[in-house]
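Enquirer: What would the 3D arrangement of this be:
(4 chains)
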2 protein chains.
Amino acid sequence: MVDVKNSSAPDEELAFDLIERIFFGYRDFVGIADEALVKTGYGRAHHRVLHFVDRNPGLTVGELLAILKVTKQGVARVLRTLVDDGLIEVRPGEHDRREKRLSVTTTGHELAVELARLQTKRIETALAPLPEGSRAIVAAFLAGLVDDKERNAVLTRIQAGRS
Amino acid sequence: MVDVKNSSAPDEELAFDLIERIFFGYRDFVGIADEALVKTGYGRAHHRVLHFVDRNPGLTVGELLAILKVTKQGVARVLRTLVDDGLIEVRPGEHDRREKRLSVTTTGHELAVELARLQTKRIETALAPLPEGSRAIVAAFLAGLVDDKERNAVLTRIQAGRS
DNA sequence: TTTTTTACGTCAACCATATTGACGTATCAC
DNA sequence: GTGATACGTCAATATGGTTGACGTAAAAAA
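Expert: Residues are numbered from 1 along each chain as shown, chains lettered A, B, ... in the order given. Alright, predicted model coming up:
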């Protein structure tokens, strides 16, 4: 019989509540888009690419990889599908023609907005009963979850894609 | 030339900022555990199973499937590995011996706590600079992201696994 | 001008995580 | 005893990735 409470720390407080809320909240939040995407035949990976290209017109492939933290092979198939299907356009960079500058077509933009609309609705519903200033608090908390070294790049990226 | 602004709604406000903060925040938050798991050879799927079994001793396989929203085949390999490796124990249910009641071993608990500790640290760091009451606001927001029909079950589950 | 580096693509092989469908077994409830 | 339930398993398949090797075009440096 081993004592389970054999840790030296005097019963540290672990944030199980928030850890699980993050899990369940994210599970259902992305589920909104997953469901809506069934009709299109696309998956989560397509949504992520479409979203960030929609928000950052002229994004290069390299920047996209940095955002998603995947390898180029990881997005290759997904990106090719979206281009073939006419949701995303590719043009060589003006100053550096090795680059591929990505942007959404009208069709691509419409799908991106449709999904963003659904997710926005969920966010607003979640914020509605909360006190004034909650949006800023939630935003700050979420930014705080990002790796220290990434935070500046992330916030700049988000800011860059403002309406 | 098609007018991009052809929607009837007068320039709806889409919550791009929060949508992206949720993405980046989650990406790095789960990345904390991913990194720590490299040394063990386990992946995200193992972590999820271990976490919920740790927090809900005596959990049945069926309940686990409902929490993770996957099929039994989806957890089969992962669960078998954790049982074979001695991190999770299985016992038949007392009242219903068809059930398999799952619980962590000492080893399993230690790994679960180690991961929770890392994630807790990130959460506390994110909350630290925020005003009093922010924790409750963030908790409420995250619960609000959960599907309406799931929310009661989720909150009950979280509450059940309290320290 | 040659050389090197960069940005990107692609082929091949592979892995983790999941799915659906079919079938089997033990056990419970009636 | 019969049927439903909890679970396991086999097989085939899909999705979303990975590493490694190699190729091309263009930019930057020598």
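Enquirer: For DNA strand C, what's the nearest residue on chain A?
Expert: In chain A, the residue that lies nearest DNA strand C is A:Gly62 (2.5 Å; Cβ to the nearest atom of the strand). Glycine gets a C-beta too; all of them are placed from N, C-alpha and C.
Enquirer: what sits against that residue?
Expert: A:Glu99 (Cβ atoms under 8 Å, 6 or more residues apart in numbering or on different chains).
Enquirer: Would you mind giving both backbone torsions of it?
Expert: phi -60, psi -40 (degrees, to the nearest 10).
Enquirer: Does the residue nearest to the spatial centre of chain A fall in a helix, a strand, or a coil region?
Expert: For chain A, the residue nearest the mean C-alpha position is A:Arg48 (6.0 Å; Cα atoms, centre = their mean). Three-state call for A:Arg48 (DSSP: H, G, I helix; E, B strand; the rest coil): helix.
Enquirer: Next: A:Pro131.
Expert: coil.
Enquirer: Setting aside sequence neighbours, what's the nearest residue to it?
Expert: The shortest distance from A:Pro131 to any residue other than its chain neighbours is 7.1 Å, reached at B:Ile137 (Cβ to Cβ, 6 or more residues apart in numbering or on different chains).
Enquirer: Report pLDDT for that neighbour.
Expert: B:Ile137 carries a pLDDT score of 98 in this model.
Enquirer: so the helix or strand that contains it versus helix A:134-145, what angle?
Expert: Using DSSP states H and E, the element containing B:Ile137 is helix B:134-145. Orientation of helix B:134-145 against helix A:134-145 (axes from the mean of the first three to the mean of the last three Cα atoms, to 10 degrees) gives an angle of 100 degrees.
Enquirer: ok, and what's touching helix B:134-145?
Expert: So helix B:134-145 is in contact with A:17-18, A:21-22, A:24-26, A:28-29, A:122-123, A:125-127, A:129-131, A:134, A:137-138, A:141, B:22, B:127, B:151, B:154-155, going by Cβ under 8 Å, 6+ apart.
Enquirer: Next secondary structure after it?
Expert: Counting by DSSP H and E, what follows helix B:134-145 is helix B:148-160.
Enquirer: so what does that following helix touch, helix or strand wise?
Expert: helix A:16-37, helix B:134-145 (3 or more Cβ pairs under 8 Å, 6 or more residues apart in numbering or on different chains; DSSP states H and E).
Enquirer: Can you give me the buried ones in it?
Expert: B:Glu150, B:Val154, B:Leu155, B:Arg157, B:Ile158 (16 or more other Cβ atoms under 10 Å in any protein chain shown).
Enquirer: Next, format these as a markdown table and append pLDDT and distance to DNA strand D.
Expert: Formatted as a markdown table, the buried residues of helix B:148-160 follow (pLDDT from 0 to 100; distance: Cβ to the nearest atom of the strand, whole Å):
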| residue | pLDDT | distance to DNA strand D |
| --- | --- | --- |
| B:Glu150 | 95 | 19 |
| B:Val154 | 97 | 19 |
| B:Leu155 | 97 | 22 |
| B:Arg157 | 96 | 15 |
| B:Ile158 | 96 | 20 |
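Enquirer: DNA strand C next: which of those residues are close?
Expert: Among the buried residues of helix B:148-160, not one lies near DNA strand C by Cβ under 7 Å from any atom of the strand.
Enquirer: you'd agree A:Pro103 is in a strand?
Expert: One thing to correct before we go on: residue A:103 is Ser, not Pro. Yes: the assignment for A:Ser103 by three-state DSSP puts it in a strand.
Enquirer: on that earlier part again, between the buried residues of helix B:148-160, which sits nearest A:Glu110?
Expert: B:Glu150 (29.1 Å; Cβ to Cβ).
Enquirer: Cross-check the contact I'm expecting between that closest one and A:Phe29.
Expert: No: with contact defined as Cβ atoms under 8 Å, B:Glu150 does not count as touching A:Phe29 (11.7 Å).
Enquirer: if we can go back for a sec, and the residue of chain A closest to DNA strand C, how far is that from A:Glu99?
Expert: A:Gly62 sits 8 Å away from A:Glu99, going by Cβ to Cβ, to the nearest Å.
Enquirer: show me the residues around A:Val146 that make contact.
Expert: A:Val154, B:Phe24, B:Gly25, B:Arg27, B:Asp28.
Enquirer: Any idea how many residues pack against the closest residue to it other than its chain neighbours?
Expert: Excluding the flanking residues, the one nearest A:Val146 by Cβ to Cβ, 6+ apart is B:Asp28, at 4.8 Å. By other Cβ atoms under 10 Å in any protein chain shown, 21 other residues sit near B:Asp28.
Enquirer: I'd like to know how far B:Asp28 sits from B:Arg44.
Expert: In terms of Cβ to Cβ, B:Asp28 sits 14 Å off from B:Arg44.
Enquirer: repeat for A:Val138
Expert: Distance from A:Val138 to B:Arg44, by Cβ to Cβ: 24 Å.
Enquirer: Tell me which of these two has more neighbours.
Expert: Shown here are A:Val138 and B:Arg44; by other Cβ under 10 Å, A:Val138 has more neighbours (26 against 13).
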